[in-house]
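1. Sequence and computational prediction follow.
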Amino acid sequence: MHAFDVLGDPVRRRILELLADGELSSGDVTTVVRGEFGISQPAVSQHLRVLRENGFTTVRAEGARRLYSVDPGPLKEIDGWLEQYRRFWTGPLDALATEIARGRRERRKAAEENG
């Protein structure tokens, strides 16, 4: 499965968001995802399996629990692929940051003159 096929699913993206903050048990992931998406425990398990089999997560056993965490490898590969397209948004974002800073300076200056 291609990385973008894996990440194209909103449930799998949400699972990765949850795991980005640290390791979670499959039960903890299931509780959140079931509450947000209304899907069954087996469906959540299937999504976890897809993430694991495609290298996006790792799993380790701790007694009866399965603890999942993000494996950054595939995300780094995606980031590398996106590098060729960053030029389309880096310049506009830099320009936006400049305009925001300019607006703050102007507001501060106006407040000092009126204050």
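-> Looks like it arrived, so ask away.
2. how far away is Glu62 from Leu19?
-> Glu62 is 15 Å from Leu19, where distance means CB to CB, to the nearest Å. (Glycine included, C-beta is placed from N, CA and C.)
3. who's more crowded, those two?
-> Between Glu62 and Leu19, counted using other CB atoms under 10 Å, Leu19 has the larger neighbour count: 22 against 9.
4. Secondary structure class of the more buried one, three-state.
-> When classified by DSSP: H, G, I helix; E, B strand; the rest coil, Leu19 comes out as helix.
5. residue contacts, it?
-> 29, 57, 68-70 (CB atoms under 8 Å, 6 or more residues apart in numbering).
6. hmm, 7 Å instead?
-> 57, 68-70 (CB atoms under 7 Å, 6 or more residues apart in numbering).
7. quick one: least confident helix or strand in the protein?
-> Across the helices and strands of the chain, mean confidence by mean pLDDT, DSSP states H and E is lowest for helix 87-114: a mean of 85.
8. Quick check: buried residues in it?
-> When burial is assessed from 16 or more other CB atoms under 10 Å, helix 87-114 yields no buried residues.
9. Then stretch 2-20?
-> Neighbour-count burial for stretch 2-20 [16+ other CB under 10 Å]: 6-7, 11-12, 14-16, 18-19.
10. Okay, and which of those map to strands?
-> In strands, judged by DSSP state E, none of the buried residues of stretch 2-20 are found.
11. and the two most separated of these?
-> Val6 and Leu18 (15.5 Å; CB to CB).
12. where's the nearest residue to Val32 once chain neighbours are set aside relative to Gly73, distance?
-> Nearest in space to Val32, with sequence neighbours left out and distances taken as CB to CB, 6 or more residues apart in numbering, is Leu18 at 6.0 Å. Leu18 is 19 Å from Gly73, where distance means CB to CB.
13. what does stretch 39-54 contact?
-> Contacts for stretch 39-54 (CB under 7 Å, 6+ apart): 1, 6, 11-12, 15, 26, 29-30, 33-34, 57, 59, 68, 74.
14. And the next helix or strand past the host helix or strand of Leu67?
-> Using DSSP states H and E, Leu67 sits within strand 65-70. Next in sequence after strand 65-70, counting helices and strands by DSSP H and E, comes helix 73-82.
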